[in-house]
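> Attaching a predicted model along with its sequence, questions to come.
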Amino acid sequence: MIPPTSVVRVDPMLPQEAGAVADLIRTIIAPLPYYNEQARHGEIAKHTATDLQRAIAGDPLSVAVARQDGRMVGFSVTRFDDFLIWIAWLGVLPDARRSGIARAILADIDRTASLRGCHKIWADSRTDNPAMAQLFPAAGYQRVATFERHWYGQDFFFWQKFVSGPERTACGSPGQAS
Ligand SMILES: CC(C)(COP(=O)(O)OP(=O)(O)OC[C@H]1O[C@@H](n2cnc3c(N)ncnc32)[C@H](O)[C@@H]1OP(=O)(O)O)[C@@H](O)C(=O)NCCC(=O)NCCS
């Protein structure tokens with residue numbers, strides 16, 4: 001049971017934390033019932049320490065770490081995608097769940113999406129992941145599509161949320177060639 005006074009922080013991952021974050025990601029993804037074996041294997045394989053270090057070298061806000069009373073308990077991996085932010089992954093350790101950590105991670109993604117000049121966040125979740133089907137709308141996301149037999153042959157919901165980003169014309173952002 002998490003004490004109600006616990007302090008949750010979400011910060012960008014530092015390069016020296018990449019090994020610990022890769023371990024955290026593997027611990028969270030490996031037992032997930034919503035993904036088939038091919039998906040679990042593929043998703044763990046693309047989040048090694050080297051991959052995470054490469055990601056933050058390109059975008060220092062792309063990997064975030066949640067800590068509860070100083071202990072690393074959750075993460076997000078996001079990608080800048082033509083002025084959208086794509087949530088590639090987020091997760092929380094099983095023994096730290098239902099204490100608001102994912103909510104804090106999503107609030108951090110709202111903040112860093114705006115910092116990165118983005119006006120929208122988009123994401124997917126497995127159709128049989130009840131936690132995300134509640135969490136995303138509770139955090140202001142709208143369900144916009146269902147893709148059947150999609151990645152790894154599995155079904156996914158797609159979600160979007162508008163955040164306060166810069167105004168932009170249909171031809172691209174000010175000063176950006178399109
Ligand atoms: C989904 C996940 C990230 C939620 O993390 P969490 O820290 O437990 O979530 P929070 O405590 O911030 O919950 C916020 C809200 O989300 C919803 N929620 C969270 N877990 C839920 C669950 N198991 N069932 C139903 N609703 C849930 C609730 O509305 C909750 O609010 P409440 O606790 O006041 O009822 C976590 O269960 C997890 O890591 N799951 C495995 C990885 C995963 O599925 N990642 C998403 C891939 S798209």
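Cool, the structure landed. The shown structure was predicted, so the numbers you read here are calculated from the model rather than taken from an experiment. Numbers count the residues shown, from 1 in each chain.

> and the chain, which residues reach the ligand?
Residues of the chain that fall close to the ligand, judged by C-beta under 6 Å from any ligand atom: 28, 32, 90-92, 97-103, 125, 129-132, 134-135, 138. Where C-beta positions appear, they are placed from N, C-alpha and C, glycine not excepted.

> rerun at 8 Å
Proximity of the chain to the ligand is assessed by C-beta under 8 Å from any ligand atom, with 28-29, 32, 34, 74, 87, 89-94, 96-106, 123-126, 129-135, 138-139 identified as the residues in range.

> which among those residues end up buried?
Buried residues within the residues of the chain next to the ligand, counting neighbours by 16 or more other C-beta atoms under 10 Å: 28-29, 34, 74, 87, 89-93, 96, 99-102, 104-106, 123-126, 129, 132-133, 135, 139.

> Please report how far the nearest residue to Arg116 once chain neighbours are set aside lies from the ligand.
Across the structure, with C-beta to C-beta, 6 or more residues apart in numbering as the measure, the residue nearest Arg116 apart from its sequence neighbours is Phe80 (5.7 Å). As judged by C-beta to the nearest ligand atom, to the nearest Å, Phe80 and the ligand stand 19 Å apart.

> quick one: strands adjacent to the host helix or strand of Phe80?
With the criterion set as DSSP states H and E, the secondary-structure element containing Phe80 is strand 71-81. Strand pairing for strand 71-81, determined by DSSP bridges: strand 63-68 (antiparallel), strand 84-92 (antiparallel).

> just how off-centre is the helix or strand that comes right after the last one within its chain?
Past strand 84-92, further along toward the C-terminus, the next helix or strand under DSSP H and E is helix 101-115. In this view, helix 101-115 has its centroid 9 Å away from the chain centroid, taken as C-alpha atoms, centre = their mean, to the nearest Å.

> the inter-axis angle of helix 101-115 versus strand 63-68?
140 degrees (axes from the mean of the first three to the mean of the last three C-alpha atoms, to 10 degrees).

> quick one: the helices in this protein?
Listed from the start of the chain, the chain has helices (DSSP state H) covering 18-29, 37-45, 49-58, 101-115, 130-138.

> Tabulate those helices (JSON lines), appending mean pLDDT and distance to Glu148.
Written out in JSON lines, the entries for the helices of the chain read as follows (pLDDT from 0 to 100; distance: least, C-beta to C-beta, whole Å):
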{"stretch": "helix 18-29", "mean pLDDT": "98", "distance to Glu148": "22"}
{"stretch": "helix 37-45", "mean pLDDT": "97", "distance to Glu148": "15"}
{"stretch": "helix 49-58", "mean pLDDT": "98", "distance to Glu148": "29"}
{"stretch": "helix 101-115", "mean pLDDT": "98", "distance to Glu148": "26"}
{"stretch": "helix 130-138", "mean pLDDT": "98", "distance to Glu148": "16"}
